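**Q** Below are the sequence and a predicted model for it; my questions follow.
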2 protein chains.
Amino acid sequence: MKRPLHPGLISRQTDPANLESLFSTLDGRITQNESFYVRSHFAVPEIDPRSWRLRVEGAVAHPRSLSLDDIIKMPSATYAGMLECAGNGRAFLSPKHEGVQWELGAVGCARWTGVPLAAILEEAGLNADAAEIILEAADKGVAEKTSRPAAPIHFERSIPVADVRRRDVLLAYAMNGEPLPKAHGAPLRAIVPGWYAMASVKWLTRILVSRQAFRGYFQTVDYAYWSAPNGMQPERVPLSELAVKSQIARPAMKEAVPAGSIYRVHGTAWSSMAEIRKVEVTTNGGESWQEAHLLDAPLEHAWQRWEYLWNVPGARGSCTLMSRATDARGCVQPVAHDRNYEGYVIHHTIPVSVQIA
Amino acid sequence: MKRPLHPGLISRQTDPANLESLFSTLDGRITQNESFYVRSHFAVPEIDPRSWRLRVEGAVAHPRSLSLDDIIKMPSATYAGMLECAGNGRAFLSPKHEGVQWELGAVGCARWTGVPLAAILEEAGLNADAAEIILEAADKGVAEKTSRPAAPIHFERSIPVADVRRRDVLLAYAMNGEPLPKAHGAPLRAIVPGWYAMASVKWLTRILVSRQAFRGYFQTVDYAYWSAPNGMQPERVPLSELAVKSQIARPAMKEAVPAGSIYRVHGTAWSSMAEIRKVEVTTNGGESWQEAHLLDAPLEHAWQRWEYLWNVPGARGSCTLMSRATDARGCVQPVAHDRNYEGYVIHHTIPVSVQIA
């Protein structure tokens, strides 16, 4: 990243670049490209878009090698889709967890244009026993965690075949009407709506159709957790669906708020494949909750903004605010982090302490 | 283990008990119960054989709950089967790997009697989409490696459905004609011939038929390795088949050998589902190799003993011996440990240095 950073981005790691947006600057429903958070596992790969190809291989009738032109000529789709890093909010965990110390800004919502992955797979002809689609990226390096392959690996992640259509998975070449920026995966990236963003693989080079569940590093060691449903033995399960969550953009942490004023508390809320039914706000550390006003109509893959007009007390002191979202399935943000997810899936109600001045 | 140890066993860990046999005492083809190595992950579970049941559940038409009597009344099978711990020989690795520091003795060969797992599954009626058989044990505790489930887990391991018949998997209640000893899994354990012994689960309580590949701790974190066949991306693969291997019982490490004598170098050799074609011995650190004499006829699941009569040089000095097995598929022991297997699958030719006195 030789260019100076956009003022809306904060660097959390320089090599590779991991930049979060300043969530307190939230305004429109769509996050601009310059202030969209950047999550990288390895250095940005050098790709010449003219010689670049997307290979479609594995359990397919007709393997393909597609140029960017081939892809752009196919019927396109566009939707507003939000992405959240699975470690967003990690800085607020206690005890600390290793990994990038994201605060509130490893999340954003952009308009993505590209080709549905389902259309690409239809052309290639999925075999009847195809189970998962492995998305392989050009970026490569030595993995971080203790249990890792000895040699450098590419970033890659899989999605079950059934989720490709159900989730409108897109192979995107444009972001907010501009060509996909290099930092966001040019020339082509996946968008897997409703899943944590590790599945939205950037710098795609290969779509590998597999007959088996993929057990790569980013599915078993990283971006995975121990789960033991119904008294079964724990298994290593890849992270997938976003948990219901809301965040307060303003007031910011430790902001000074004028005593006796009416303050616009606002933020966004989201869930996976379910609209937000309500957002509640507390200004007294959880003693009582008031319903916020939803500003955006539900849109399948986007977040919804909300606001709450707060009658700030007349006396000086400090207050603790929290927001709490409930989705259409009745899922509610919890009060504490679920440690089973280790340093991931951080969606509990995060306190925002403010000074009344 | 309140009883004094058998003189043929060496303790490598006391809690839980991990005991290896003194491989230099090798004599018959069958290892006696008192000197058979003991590998435990957790404390020996308390089981009352009268109330004990084996549950057969999951993707089956007729779930079962079998008493020991039910199992003993079924047609039985007996065979000589060897077991080797996947970490056998770990003490000889450089650099050191964590885990029990086994020398040569985490291996043995016993006669097992029990019921074929295939017969149990036939009675229960496997569903068409059954993929794996999960063998769950009664022993339970907190896992060892850094990435582990927070709560205690049972020991368990899976085998693909196709391997149940192909490998004659047995649920054994007797060992060398005696009731299965407590330390070896009483009242019932699995024997998975030709696989490292982590699959031969002791203290069985449940046979769970699963439609998916199992991703439990002992399949993904422990007893697994990174594998990247054919330029594919690395995946976490559970250990399974034994690698071709031979071991020298005598001379022992640093043994003094009479100058000018004829010394009987002897040991055993084994492979997975393939008989041993030849064993070679070097007495000069690998400069030249001589063929040893195989003492046992091939027997599908057992090891084969071998000997080589060595004309010990007349002059004092030191010599380095090694043995090297080749199986019927042409697989040969390598000269060095394959680090891809981390602290497991240690089957390279291990040098035995002796003094000529």
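**A** Yes, it's here.
**Q** mind checking which helix or strand the residue lying closest to residue A:55 once chain neighbours are set aside is in?
**A** Nearest residue to residue A:55, sequence neighbours excluded (C-beta to C-beta, 6 or more residues apart in numbering or on different chains): residue A:206, at 4.6 Å. The C-beta positions use only the backbone N, C-alpha and C, and glycine is treated the same way. Assigned by DSSP states H and E, residue A:206 belongs to strand A:204-210.
**Q** which parts of the stretch 151-300 of chain A sit against chain B?
**A** Proximity of the stretch 151-300 of chain A to chain B (C-beta under 8 Å from any C-beta of the partner chain) is limited to residues A:151, A:153-154, A:156, A:212-217, A:220-221, A:226, A:228, A:233-237.
**Q** for the residue nearest the centre of chain A, which residues make a bridge with it?
**A** By C-alpha atoms, centre = their mean, chain A has its centre lying nearest to residue A:84, at 2.0 Å. Beta bridges link residue A:84 to residue A:107, judged by DSSP bridges.
**Q** distance of it from residue A:27?
**A** Distance of residue A:84 to residue A:27, computed by C-beta to C-beta, to the nearest Å: 18 Å.
**Q** Equivalent analysis for residue A:118, please.
**A** Relative to residue A:27, and taking C-beta to C-beta, residue A:118 is found at 34 Å.
**Q** Comparing these two, which shows the higher neighbour count?
**A** residue A:118 (18 against 11; other C-beta atoms under 10 Å in any protein chain shown).
**Q** Now that one: which helix or strand?
**A** Using DSSP H and E, residue A:118 falls within helix A:117-124.
**Q** Buried residues in that helix, which are they?
**A** A:117-121, A:123-124 (16 or more other C-beta atoms under 10 Å in any protein chain shown).
**Q** in which helix or strand would I find the closest residue to residue A:161 other than its chain neighbours?
**A** Residue nearest to residue A:161 in three dimensions, not counting chain neighbours: residue A:130, with 5.3 Å by C-beta to C-beta, 6+ apart. Taking DSSP H and E as the definition, residue A:130 sits outside all helices and strands.
**Q** Is it correct that residue A:130 is in contact with residue A:59?
**A** Yes - with contact defined as C-beta atoms under 8 Å, residue A:130 reaches residue A:59; the gap is 4.4 Å.
**Q** Name the residues contacting each of the two.
**A** Each of A:209-211 lies in contact with both residue A:130 and residue A:59 under the rule C-beta atoms under 8 Å, 6 or more residues apart in numbering or on different chains.
**Q** what ranges do the helices span in chain A?
**A** A:68-72, A:117-124, A:161-166, A:217-220 (DSSP state H).
**Q** Not counting its own residues, what contacts the longest one?
**A** Among residues not part of helix A:117-124, those counted as contacts by C-beta under 8 Å, 6+ apart are A:54, A:56, A:60-64, A:66, A:71, A:74-75, A:133, A:164-165, A:169-171, A:190, A:207, A:209.
**Q** Could you export the helices of chain A as JSON lines, including mean pLDDT?
**A** As requested, these are exported to JSON lines (pLDDT from 0 to 100):
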{"stretch": "helix A:68-72", "mean pLDDT": "97"}
{"stretch": "helix A:117-124", "mean pLDDT": "97"}
{"stretch": "helix A:161-166", "mean pLDDT": "92"}
{"stretch": "helix A:217-220", "mean pLDDT": "95"}
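**Q** wait, which of these is closest to residue B:337?
**A** Taking C-beta to C-beta, helix A:217-220 is the member of these nearest to residue B:337, at 22.4 Å.
**Q** and the residue nearest to residue A:161, what is it in contact with?
**A** Shown in contact with residue A:130 (C-beta under 8 Å, 6+ apart): A:58-60, A:161, A:209-211.
**Q** what's around residue A:287, how many residues?
**A** A total of 8 residues lie near residue A:287 under the criterion other C-beta under 10 Å.
**Q** ugh, typo on my part, it should be residue A:240
**A** Residue A:240 has 19 nearby residues by other C-beta under 10 Å.
**Q** In space, what's closest to it - neighbours in sequence excluded?
**A** Spatially, and ignoring its direct neighbours in sequence, residue A:240 is nearest to residue A:195 (5.1 Å; C-beta to C-beta, 6+ apart).
**Q** what is that neighbour paired to in the beta sheet?
**A** As for beta bridges, residue A:195 partners with residue A:241 under DSSP bridges.
**Q** Give me the distance between it and residue A:166.
**A** Going from residue A:195 to residue A:166 by C-beta to C-beta gives 11 Å.
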